[in-house]
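J.: quick one, what's the 3D model for this:
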Amino acid sequence: MSSGAAGPPGRPDELPWDPDRIDDDVLALMFIACHPVLSPEARVALTLRAVGGLTSEEIARAFLVPVPTVQARITRAKKTIAAAEVPFELLPDEPEVYGLLALFELTAARFPSRTGPDGEAVLLEDQDRRLWDRSAISRGLAALGRVAPSPVVELNRAVAVAMANGPREALALVDDLVASGRLPGSYLLPSVRGELLARLGRTAEARAELELAARLCRNVRERSVLLRKAAALA
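T.: Predicted coordinates:
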């Protein structure tokens with residue numbers, strides 16, 4: 001698969017992966033981990049662990065569940081695959097396949113713009129969109145056949161609403177999520193709320209939310225970004 005992303009003038013288009021190489025054993029493992037003999041929760045956990053290399057702790061934080069729950073899902077998934085003697089085959093009619101493809105395409109499309117020269121995180125609004133792979137975005141949107149409702153999806157929708165209609169309408173959506181208590185302990189909620197409050201000029205509240213997000217965030221680079229934004233509001 002070719003990137004299709006065009007670098008800025010005077011800078012070669014360098015990708016952090018080889019677009020023409022996909023190891024067969026990795027591809028086979030990916031499809032086996034996503035086989036419908038497993039529950040959707042088990043497929044996600046096993047794919048992220050076996051293919052993506054994430055730890056059980058990282059997966060648990062992403063899905064807001066206890067670590068033992070993730071470990072149990074992975075263990076049961078392995079036993080189920082072994083007992084069912086799952087073969088390597090494609091499943092083009094399964095909606096999960098399209099969903100996974102859309103996730104890969106839309107995530108990979110922004111790889112060249114997501115980090116700066118020193119590896120620091122680049123916020124979405126500051127990314128050089130000339131580096132985005134437009135062909136990957138088109139393929140991802142075409143493959144996206146369904147949306148699974150979740151508090152994280154709703155939070156992302158609030159971000160989109162903020163960019164389209166302004167921060168006030170988006171803040172109402174985020175406040176509904178806060179009131180529902182569906183994202184306990186997640187740094188994502190206060191980080192988005194802090195950004196929206198800052199755009200509304202409610203500086204003190206925004207700084208408090210961003211500082212809370214930084215305390216909850218376990219990623220060093222993301223925590224640094226949050227603290228930097230909070231300090232800018234002082």
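
J.: what about the residue of the chain positioned farthest from its centre, which SS state?
T.: Taking CA atoms, centre = their mean, the residue of the chain most remote from its mean C-alpha position is A83, at 31.8 Å. In three-state terms, and counting by DSSP: H, G, I helix; E, B strand; the rest coil, A83 is helix.

J.: pLDDT value on it, please?
T.: Looking at A83, its pLDDT reads 84.

J.: now the helices for this structure?
T.: 24-33, 40-46, 56-63, 67-84, 95-108, 134-143, 151-165, 167-180, 188-199, 203-216, 220-232 (DSSP state H).

J.: tabulate those helices (a markdown table), appending distance to A121.
T.: Using the backbone N, CA and C atoms, a C-beta is placed for each residue, glycine as well. What follows is the helices of the chain, written out as a markdown table (distance: least, CB to CB, whole Å):
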| stretch | distance to A121 |
| --- | --- |
| helix 24-33 | 26 |
| helix 40-46 | 24 |
| helix 56-63 | 17 |
| helix 67-84 | 25 |
| helix 95-108 | 15 |
| helix 134-143 | 20 |
| helix 151-165 | 16 |
| helix 167-180 | 21 |
| helix 188-199 | 12 |
| helix 203-216 | 13 |
| helix 220-232 | 5 |
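
J.: would you mind finding the most buried of the ones you listed?
T.: Greatest average neighbour count among the helices of the chain goes to helix 188-199 (a mean of 23), per mean count of other CB atoms under 10 Å.

J.: quick revisit: how near is the residue farthest from the centre of the chain to L48?
T.: 22 Å (CB to CB, to the nearest Å).

J.: now do N156
T.: 18 Å.

J.: and if you look at A234?
T.: A234 is 38 Å from L48, by CB to CB.

J.: who's more crowded, the two?
T.: L48 (20 against 7; other CB atoms under 10 Å).

J.: and the closest residue to that one other than its chain neighbours, how many neighbours does it have?
T.: The shortest distance from L48 to any non-neighbouring residue, by CB to CB, 6 or more residues apart in numbering, is to L54 (4.6 Å). By other CB under 10 Å, 17 other residues sit near L54.
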